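Undergrad: Task: produce atomic coordinates for the following.
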Amino acid sequence: MVTGVRLTDVQRRLIAGRFAEVIEIVSPQDPEDIFSRTGNITDYILGGPEYIDADSLARMPSLRRIALLGTGIPSFIDEAAARARDITVFNTPHVNADSVAEFALGAIIVNAADAVASVEGVRQGSRWLQTPWRTLKNSRIGIIGLGHIGRALTRRLAALGVRNIAYACRTRKPALERAYGVHFMPVRTMVAECHVVSMHVNYSPETHHMIDAAMFAACRPDLRLHCFSNPRTIDPAAARRALEQGELAQLYMDGYYLEWTRNAGKTKDPEGLLQLPCSKFLATSHLAAQSVDAINRQLPIALRQLVGDIQSE
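TA: Predicted structure coming up:
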């Protein structure tokens, strides 16, 4: 078995005798760090920055199971390639919901004041930025997707006194509306009326480029859009035009279209978003779910999933 997270003694006892060898590859620098050591593995705990595609699977001919430390399988694993090899894929859903919600709340506050652009200006001595910013209580905040993360974010915003919270999802949530005073709103209306919109939807053919040119055209010009979903829920070409033309104030993503070693920075960015100033576009490297608490809770679940599947063979 290979794992991207270091195991504790308790966790090692949990899997004692189940695997011929346990290979810990923590903080790999490139794919070769991983796949040069995985030729004979049967089980893979995916907790790092890598994406498992058909080429990766070809280097692991004995692989039987993958357990993802997280929820969004399509962001990290080529599901069609895994199915073609009859590889069982597990995830650890909802365990990181509180971590992502807490990070999303922080992002709303920090980005409202253009804090990253301010840091850059101070460091370079090029600009002393003092953006007037809206407090949470004076903001209308929209949440797209009211699953575990969306609900956790709603609870945190309400606890801080935010009373103007809108949500969009497949079905209305009357109990949540009563508990927190939130109100249902179609996405197009949300981007036109809210100051901040935070995205927390699963990626699928249905949600691919759900934020497109028509949706950006409907945005209020001071909207800050935060994406904690797969970046491909947003049309990058339309996003760049909207940011350049002033249809959208700022776009923030936790993740990007090209990630890890495939990301060569702003000089080789096909989407062109990384070339925009920080006041317009920001991306981070999947930080929201990387809390110590989330990892410590997800890893035992993943180990039990692998062991349970082995026992059922």
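Undergrad: Using the three-state scheme, assign the nearest residue to residue 3 once chain neighbours are set aside.
TA: Nearest non-adjacent residue to residue 3, counting by CB to CB, 6 or more residues apart in numbering: residue 45, 4.0 Å away. Any C-beta I mention is one placed from the backbone N, CA and C, and that applies to glycine too. Secondary structure assignment for residue 45 (DSSP: H, G, I helix; E, B strand; the rest coil): strand.
Undergrad: and residue 45, how many residues sit next to it?
TA: 27 (other CB atoms under 10 Å).
Undergrad: do the same with residue 227
TA: Number of residues near residue 227 (other CB under 10 Å) recorded here: 24.
Undergrad: ok, it - contacts?
TA: When contacts are counted by CB atoms under 8 Å, 6 or more residues apart in numbering, residue 227 touches 199, 233, 234, 251, 252, 253, 254, 255.
Undergrad: do residue 199 as well
TA: Taking CB under 8 Å, 6+ apart as the test, what residue 199 contacts is 144, 145, 211, 225, 226, 227, 228, 229, 233, 234.
Undergrad: Check which strands are paired with the helix or strand harbouring the fifth one and give the direction for each one.
TA: For residue 226, the host element (DSSP states H and E) is strand 224-227. Looking at strand 224-227 with DSSP bridges, its paired strands and their directions are strand 196-199 (parallel), strand 250-254 (parallel).
Undergrad: Out of those strands, flag the one nearest residue 205.
TA: strand 196-199 (16.7 Å; CB to CB).
Undergrad: Give me the distance from that closest one to the chain's centre.
TA: When distances are taken as CA atoms, centre = their mean, to the nearest Å, strand 196-199 is centred 13 Å away from the chain's centroid.
Undergrad: got it, and stretch 281-289?
TA: 7 Å.
Undergrad: got it, and stretch 235-255?
TA: 17 Å.
Undergrad: now for the host helix or strand of residue 301, which elements pack on it?
TA: For residue 301, the element it lies in under DSSP H and E is helix 292-312. Helix 292-312 sits against helix 9-14, strand 43-46, strand 65-68, strand 88-90, helix 97-112, with contacts defined as 3 or more CB pairs under 8 Å, 6 or more residues apart in numbering; DSSP states H and E.
Undergrad: Give me the buried positions along the longest one.
TA: Using 16 or more other CB atoms under 10 Å as the burial criterion, the residues of helix 97-112 that qualify are 97-105, 107-108, 111-112.
Undergrad: and the chain, what are its domains?
TA: 2-93+291-307, 96-284 (the TED database).
Undergrad: same question for the longest one, mean pLDDT?
TA: Going back to what we said before, that points to domain 96-284. Averaged over domain 96-284, pLDDT sits at 97.
Undergrad: Numbering from 5 from now on, please.
TA: Fine by me, first position is 5 from now on; the one you just mentioned is domain 100-288.
Undergrad: what about it, start to end distance?
TA: 17 Å (CA to CA, to the nearest Å).
Undergrad: again, but for stretch 144-161
TA: End to end - CA to CA - stretch 144-161 spans 11 Å.
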